[in-house]
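**Student:** This is a predicted model, with the sequence first.
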Amino acid sequence: MSKETLIATLFKDIDESKKITAVRELEGFLTETDVILALCLVTLQTESHELRSFIIQALKGIADKVNPYFAHMAVNARSATLRKWALVNLSLMECKSAKTAVISGLRDSSSLVQHAAALNIGLYRDADFLKEVEIFFERNNAVELIFDSSDPVPPSPGSDPSPKKQI
């Protein structure tokens, strides 16, 4: 298949395994901007954690090229969902050069973005960043960060931990 066909495959409503196969075949083109941007965009838009993880592993070899894109999206995307996934991707890439984007995420008006930015906390150790983290936790309820917001109260010690909902 041609590079263009493989890129188009990533955006079709098809089985994830076919998309992963397309990513495998596109790995030979990771020096080309259109491929890099397409793969980055898919990681921001997909609902498939498996596909996102597979692409992130492929992109880790060119982190210096993709991390600035994710950092830019984390700060400038209009959609909170895109900002969230850009920050998640920075965390998955173990990016240590996007501190400004992560701080922006901690200050974001969307709790989705704030929580995604919090995933990056362990990547930075300088005093300015730690101050931002302290402010973040002062503004946010740590319990809500840890537990599902639909069940904001953690189970009390000795209570029945069984799920309330049948899946």
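**Tutor:** Thanks, I have the structure now. Numbers count the residues shown, from 1 in each chain.

**Student:** Flag the shaky bits of the protein, pLDDT-wise.
**Tutor:** Low-confidence segments of the chain (pLDDT under 70): 141-167.

**Student:** if we go to 80?
**Tutor:** Along the chain, the parts satisfying pLDDT under 80 run over 140-167.

**Student:** ok, now which ones touch the residue most central in space within it?
**Tutor:** In the chain, the centroid-proximal residue (Cα atoms, centre = their mean) is Val88; its distance is 1.9 Å. Residues near Val88 by Cβ atoms under 8 Å, 6 or more residues apart in numbering: Ala116, Leu119. Placement of C-beta: from N, CA and C, glycine included.

**Student:** how much space between it and Asp128?
**Tutor:** 23 Å (Cβ to Cβ, to the nearest Å).

**Student:** Kindly report the same for Asp64.
**Tutor:** From Asp64 to Asp128 the distance is 23 Å (Cβ to Cβ).

**Student:** So Ala58 sits against Phe29, correct?
**Tutor:** No - judged on Cβ atoms under 8 Å, Ala58 makes no contact with Phe29 at a distance of 10.7 Å.

**Student:** got the buried residues for the helix or strand hosting Leu37?
**Tutor:** Assigned by DSSP states H and E, Leu37 belongs to helix 33-45. Residues of helix 33-45 classed as buried: Val35, Ile36, Ala38, Leu39, Cys40, Leu41, Val42, Thr43, Leu44 (neighbour count, 16 or more other Cβ atoms under 10 Å).

**Student:** got JSON lines for those, with distance to Asp13 too?
**Tutor:** Below are those laid out as JSON lines (distance: Cβ to Cβ, whole Å):
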{"residue": "Val35", "distance to Asp13": "21"}
{"residue": "Ile36", "distance to Asp13": "23"}
{"residue": "Ala38", "distance to Asp13": "16"}
{"residue": "Leu39", "distance to Asp13": "18"}
{"residue": "Cys40", "distance to Asp13": "20"}
{"residue": "Leu41", "distance to Asp13": "16"}
{"residue": "Val42", "distance to Asp13": "13"}
{"residue": "Thr43", "distance to Asp13": "17"}
{"residue": "Leu44", "distance to Asp13": "17"}
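
**Student:** what sits up against stretch 114-126?
**Tutor:** Contacts with stretch 114-126, where a contact means Cβ under 8 Å, 6+ apart, come from 74, 83-85, 87-88, 90-91, 94-96, 98-99, 102-108, 130, 133, 136, 140, 145.

**Student:** Name only those of these that count as buried.
**Tutor:** Among those, those classed as buried by 16+ other Cβ under 10 Å are 74, 83-85, 87-88, 90-91, 95, 98-99, 102-106, 108, 133, 136.
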